[in-house]
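Novice: Quick one, fold the following:
(chains A and B)
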Amino acid sequence: MDYKYIEQLMERYFNCETSLQEEQILRSFFQQEEIPAELLPYRDLFRYEEEEAMEEKLGDDFDAKILAMVEQPTVKAKPIPLRTRLYPFFKAAAAIAIVLTVGNAAQHSFSSEDNDFQQSNVQPEMGYQQSTSALEMTAEELSSPATKTKEKEKSVDTLAVLTDRDTGL
Amino acid sequence: MEELRFRNDILPLKNKLYRLALRITLNTAEAEDIVQETMIKVWNQRNQLEALDSVEAYCLTICRNLALDKKDKKVSHVMELTQEVQESSLDPSTPHENLVQDERLKLVHELFNQLPLNYREVMQLRDIEGKSYKEIARILALTEEQVKINLFRARQRIREQIKNIENYGL
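Specialist: So this is what the prediction gives:
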């Protein structure tokens, strides 16, 4: 194979007479496997030039770092409506309201529980009294009709006696 | 004018900027800092930039200036070079074939980095980044003639060193 063209290019390269395209041709040429012995010493130079240009030395962590640095101060001052500006206060107020309501409710329920408890302390006696009085009353009620019925019976008896007397008459 | 976007217009330049900064400072950590500084600086000036097509060259200019500033502050340039060489001769974890290939590429890498600063930055921009003489002149604040002269000397020196290595071994 004839490498005259490449040799010419090499000569012009070292004399700074090549164009960017011709320099790229040289770099591409030296990427191939088979290179004539007389050109071999220069292979690494062009391979190095090619590889250096491809190398990605700064990774994603660099991106993340620089984006964090750049995107923070670029926030432009834009008009914020009163509502959005007060939005955090609304949130705070809502939070406080919730705490107060819950707290109040809790307190109320605790104290009313206490009251119930006290009432229930009192209640047994009252209940006992009430129930005993109720029982007494019913007992009276029960006993008094009985007497009444007896009286009624008596009156019935007397009536019977009277009727007997009448029939006897 | 179209709006300049950081993600689309500036962030993709990161590796180009990094390679230039690294070529100048020969220090990876410093190069990364320089890229970061460059991007933030350009981003903060985005409203003053006229045309989008100049963004890349502008970023490279800023990057180069920052790298040169940092470099001036550094006293021991030789120290960095030897550090770089030591670092590059580490990493034994590749297969033999790759290792040989890598070693040879590392040798070229060292040849590049042993060039004087004004030679290696012109080599970087022309042979690695593929920039035109006009763009390079703009980035380096030189005339196109000066760029060509530096590039010529840089390539000649590389050629000599490759020949020396071939003739007399490593």
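Novice: Please make it C-alpha for all contacts and neighbour counts, starting now.
Specialist: Fine.
Novice: Return the residues of chain B in contact with chain A.
Specialist: Contact residues, chain B versus chain A (C-alpha under 8 Å from any C-alpha of the partner chain): B:11, B:14-16, B:18, B:32, B:36, B:40, B:43, B:104-105, B:108-109, B:127-132, B:148, B:151-152, B:155-156, B:159, B:162-163, B:166.
Novice: What residue spans form the domains of chain A?
Specialist: A:4-56, A:83-141 (automatic domain parsing).
Novice: Dump these into JSON lines; add mean pLDDT and distance to chain B as well.
Specialist: Output for the domains of chain A, formatted as JSON lines (pLDDT from 0 to 100; distance: least, C-alpha to the nearest C-alpha, whole Å):
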{"stretch": "domain A:4-56", "mean pLDDT": "90", "distance to chain B": "5"}
{"stretch": "domain A:83-141", "mean pLDDT": "79", "distance to chain B": "28"}
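Novice: if we can go back for a sec, just the buried members of the residues of chain B next to chain A?
Specialist: Among the residues of chain B next to chain A, the ones that count as buried by 16 or more other C-alpha atoms under 10 Å in any protein chain shown are B:11, B:14-16, B:18, B:32, B:36, B:40, B:43, B:104-105, B:108-109, B:127-131, B:148, B:151-152, B:155-156, B:159, B:162.
Novice: Redo the domains of chain A as a markdown table? Include mean neighbour count.
Specialist: Formatted as a markdown table, these follow (neighbours: other C-alpha atoms under 10 Å in any protein chain shown):
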| stretch | mean neighbour count |
| --- | --- |
| domain A:4-56 | 16 |
| domain A:83-141 | 12 |
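Novice: export these to TSV and tack on distance to B:A67?
Specialist: Shown next, in TSV, are the domains of chain A (distance: least, C-alpha to C-alpha, whole Å):
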stretch	distance to B:A67
domain A:4-56	19
domain A:83-141	44
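Novice: Between those, which one is closest to B:D72.
Specialist: Taking C-alpha to C-alpha, domain A:4-56 is the member of those nearest to B:D72, at 25.4 Å.
Novice: From the chain's centroid, how far away is the closest one?
Specialist: 62 Å (C-alpha atoms, centre = their mean, to the nearest Å).
Novice: okay, how far is it across it, tip to tip?
Specialist: 35 Å (C-alpha to C-alpha, to the nearest Å).
Novice: The residue sitting nearest the centre point of chain B: which element?
Specialist: Closest to where the C-alpha atoms of chain B average out (C-alpha atoms, centre = their mean) is B:L20, at 2.5 Å. Assigned by DSSP states H and E, B:L20 belongs to helix B:14-25.
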